[in-house]
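In: Need a 3D model of the following:
(chains A and B)
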Amino acid sequence: MQDYLFYLFALLTLGCGSMIVLSRNPINSAMFLVLAIASMAGLFVLLHAFFLAAVQVLVYAGAVMVLFLFVIMLLDLKVEQRRRMNTLGIIMGFVSVGTIIAVMLHGVVATPVTPVLEVARHDGATEPLGQLLFSHYVLPFEILSVLLLVAMVGVILLSKKELK
Amino acid sequence: MHLPPFISLAAWLPDFGSDGNFAVMSLIKIACLLGVLLTMVAYAVLVERKVSAFIQDRVGPNRVALPLIGSIPVLGPFLTRLGIWQPLADGAKSFLKEDFTPNHVRKLYFWLAPAITLIPSFLTVAVIPFGSNLLGEQMVLADLDVGILYTFGIVSLGVYGIVLAGYASNSKFPFLGGIRSSAQMISYEISMGLSVIPVFMLVGSLNLGQVIAYQADGHWLAFQQPIAFLVFLVAAFAETNRLPFDMPESETELVGGYNTEYSSMKFALFFMGEYANMITSSAMMVTLFWGGWTLPFWGLSAPATTLGGGLLHIGIFLAKVIAFMILFIWVRWMLPRFRYDQLMDLGWRRFLPLTLANLFVTAVWLWLTTTAATGNPLPK
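Out: Prediction:
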């Protein structure tokens, strides 16, 4: 049962992922991205990472993608639909995707198989995750939040036409 | 817990193996829950019409009569005057009307949007504990440890239905309605999400069952976290697109907003979605702030061990939900609509700082009290 569900969600993720790239209408792409995110949440559930699954749906499918849709709907879609693929773009796309896959594969191969983290043993419960985030991983966590803050300030600065 | 066989549902059913039993029990619960929810949706519409009639000094629906029951001497006319059969007539009307699809719409999304609106409001019910025990079964569909995150995740998907309806209709007013709604719902989701964090800091768990256990014996969180409750209440009005925040519909400016191009059953699905959303957010408020199925008197805070006790707990929960439904309806007919900029101002510049301050104060208070009690700043 679990195996079939895994294949179902994996297929859905991959299928929707390719439809994001292939569909001409940006709204369709965005909706396929939502589906891909939702099926990834399904994969997280199968891994017993309920917290990650819930946050994935809450943040990405529920908030980020709604903003994407919002922006796409305000743009002129017809130009985007008529646009032709250019060769350079395709080549660059393949090169960058290939590089990312190579880096990730290298990472997987190079990492020694370590014993399962404490979080994974607790069935994806929220409490051990929080404990780890605020003790062992507190520095990366804080750096990430500063990064997000910088991005936020930057967006406000860029979107304000004139500073008073 | 060992129950006498006659009050345990599991004893009545054939054995399907442990997984099978769980699936059968869940299916039974889902069926009952959906039945109750849909009935409540239908009758919420009736209550809305009756309450609005009362507030505006009218009579309200009082004409629909059933052939046989209508001719029972006193009872028949009384039920007719109450409008008790009106939801049946409304439902039949929705099915029988012409389902008109305008030529200019984007067909696929036009068809999908009403369903996408309705589904999330039904999914949210899965984690809400609507009673303690009945027939040896726990009265919650999924006792998730991340219950509240699940709820917020699903609720945040509800906006797609409205946005897609606006986009698919391919005409000005629905489109404006869709755009307004996406901005409104994202803004208020943030205040809503932040407002409940202090609740979970007090409880120490995201599980809704634990939240109710914490509130047993009348320690209702509405009294401990009044600011959180008020922000949540107002945000719930905004999230369900109800007056005074029904900007996406706003018939005086946008004709009917996102559902202008819809007719027949598709329109009815949007309508049902709105009421189902009201019911689920009422249920959330009852669970988070008003003690769920508990009452502080007569030992009703402890999980029930008898059939009557179980039914009573479900009754208490439903009564609390209905009280909130009436509040929703009452507010709709008493308050005028906000302006759009006032709505955004309230969400971002008032509620967001307020919830953050509430969060901070709760954290400091918890830190001080746990340090005073145990000499250790952490609860454990």
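
In: Give me the spatial nearest neighbour of B:S250, chain neighbours excluded.
Out: Nearest residue to B:S250 in three dimensions, chain neighbours excluded: B:G257, at 5.9 Å (Cβ to Cβ, 6 or more residues apart in numbering or on different chains). Using the backbone N, CA and C atoms, a C-beta is placed for each residue, glycine as well.

In: Hmm, B:F175 and that neighbour touching each other?
Out: No. The criterion here is Cβ atoms under 8 Å, and B:G257 misses it with B:F175 at 9.8 Å.

In: Which of these two has more residues huddled nearby?
Out: Neighbour count, other Cβ atoms under 10 Å in any protein chain shown: between B:G257 and B:F175, B:G257 has more, with 27 against 22.

In: burial measure for residue 138, as a count.
Out: Because you didn't say which chain, this covers chain A. 11.

In: my bad, chain B
Out: B:Q138 has 15 nearby residues by other Cβ under 10 Å.

In: Could you do A:L133 as well?
Out: 13.

In: Who are the packing partners of the helix or strand hosting it?
Out: If you go by DSSP states H and E, A:L133 is part of helix A:126-135. The helices and strands touching helix A:126-135, judged by 3 or more Cβ pairs under 8 Å, 6 or more residues apart in numbering or on different chains; DSSP states H and E, are helix A:118-121.

In: doesn't B:V361 fall inside a helix?
Out: Yes. Checked against DSSP: H, G, I helix; E, B strand; the rest coil, B:V361 lies within a helix.

In: Would you mind listing what in chain A touches chain B?
Out: With Cβ under 8 Å from any Cβ of the partner chain as the criterion, chain A comes near chain B at residues A:27, A:31, A:34, A:50-51, A:54-55, A:57-58, A:61-63, A:66-67, A:69-70, A:73-74, A:125-126.

In: Out of those, which end up buried?
Out: Buried members of the residues of chain A next to chain B, scored by 16 or more other Cβ atoms under 10 Å in any protein chain shown, are A:27, A:31, A:34, A:50-51, A:54-55, A:57-58, A:61-63, A:66, A:69-70, A:73, A:125-126.

In: Which of the residues you listed fall within strands?
Out: Of these, none are assigned to strands by DSSP state E.

In: avg pLDDT for stretch B:218-232?
Out: The predicted model gives stretch B:218-232 an average pLDDT of 87.

In: In it, which residues are buried?
Out: B:220-222, B:224-225, B:227-229, B:231-232.

In: any low-confidence regions in chain B?
Out: Across chain B, the ranges flagged by pLDDT under 70 are B:1-13, B:16, B:136, B:252, B:299, B:375-380.

In: circling back: how about JSON lines for the buried residues of stretch B:218-232, with distance to A:L105 and secondary structure added?
Out: Shown next, in JSON lines, are the buried residues of stretch B:218-232 (distance: Cβ to Cβ, whole Å; DSSP: H, G, I helix; E, B strand; the rest coil):
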{"residue": "B:W220", "distance to A:L105": "54", "secondary structure": "coil"}
{"residue": "B:L221", "distance to A:L105": "49", "secondary structure": "helix"}
{"residue": "B:A222", "distance to A:L105": "54", "secondary structure": "helix"}
{"residue": "B:Q224", "distance to A:L105": "52", "secondary structure": "helix"}
{"residue": "B:Q225", "distance to A:L105": "49", "secondary structure": "coil"}
{"residue": "B:I227", "distance to A:L105": "51", "secondary structure": "helix"}
{"residue": "B:A228", "distance to A:L105": "47", "secondary structure": "helix"}
{"residue": "B:F229", "distance to A:L105": "51", "secondary structure": "helix"}
{"residue": "B:V231", "distance to A:L105": "48", "secondary structure": "helix"}
{"residue": "B:F232", "distance to A:L105": "46", "secondary structure": "helix"}
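
In: Spell out which residues are contacts of both of B:G257 and B:F175.
Out: The contact sets of B:G257 and B:F175 overlap at B:G166 (Cβ atoms under 8 Å, 6 or more residues apart in numbering or on different chains).

In: on that earlier part again, pLDDT averaged over the following helix or strand past the helix holding A:L133 - what is it?
Out: Going down the chain from helix A:126-135, the next helix or strand is helix A:138-159, by DSSP H and E. Averaging pLDDT along helix A:138-159 gives 92.

In: which one's the longest helix in the chain?
Out: In the absence of a named chain, chain A is used. The residue-count maximum for a helix in chain A (DSSP state H) belongs to helix A:87-110.

In: actually chain B
Out: helix B:17-55.

In: Can you report how many residues neighbour the residue in the stretch 201-350 of chain B that chain A sits nearest to?
Out: Nearest residue of the stretch 201-350 of chain B to chain A: B:L206, at 5.6 Å (Cβ to the nearest Cβ). B:L206: 24 surrounding residues under other Cβ under 10 Å.

In: Is it in a helix, a strand, or coil?
Out: Assignment for B:L206 (three-state DSSP): coil.

In: is it true that it touches B:Y150?
Out: No. B:L206 is beyond contact range of B:Y150, at 9.0 Å (criterion: Cβ under 8 Å).

In: Enumerate the residues of the stretch 151-300 of chain B near chain A.
Out: Close to chain A, as judged by Cβ under 8 Å from any Cβ, the stretch 151-300 of chain B has residues B:152-157, B:159-160, B:163-164, B:166-167, B:175, B:178-179, B:182-183, B:185-186, B:189, B:206.

In: make it 10 Å
Out: By the criterion of Cβ under 10 Å from any Cβ of the partner chain, the positions of the stretch 151-300 of chain B lying close to chain A are B:151-160, B:163-164, B:166-168, B:175, B:178-179, B:181-183, B:185-186, B:189-190, B:193, B:200, B:204-207.

In: Derive a PyMOL selection command for the buried subset of those residues.
Out: The buried residues among those can be selected in PyMOL (16+ other Cβ under 10 Å) with this line:
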select buried, chain B and resi 151+152+153+154+155+156+157+158+159+160+163+164+166+167+168+175+178+179+181+182+183+185+186+189+190+193+200+205+206+207
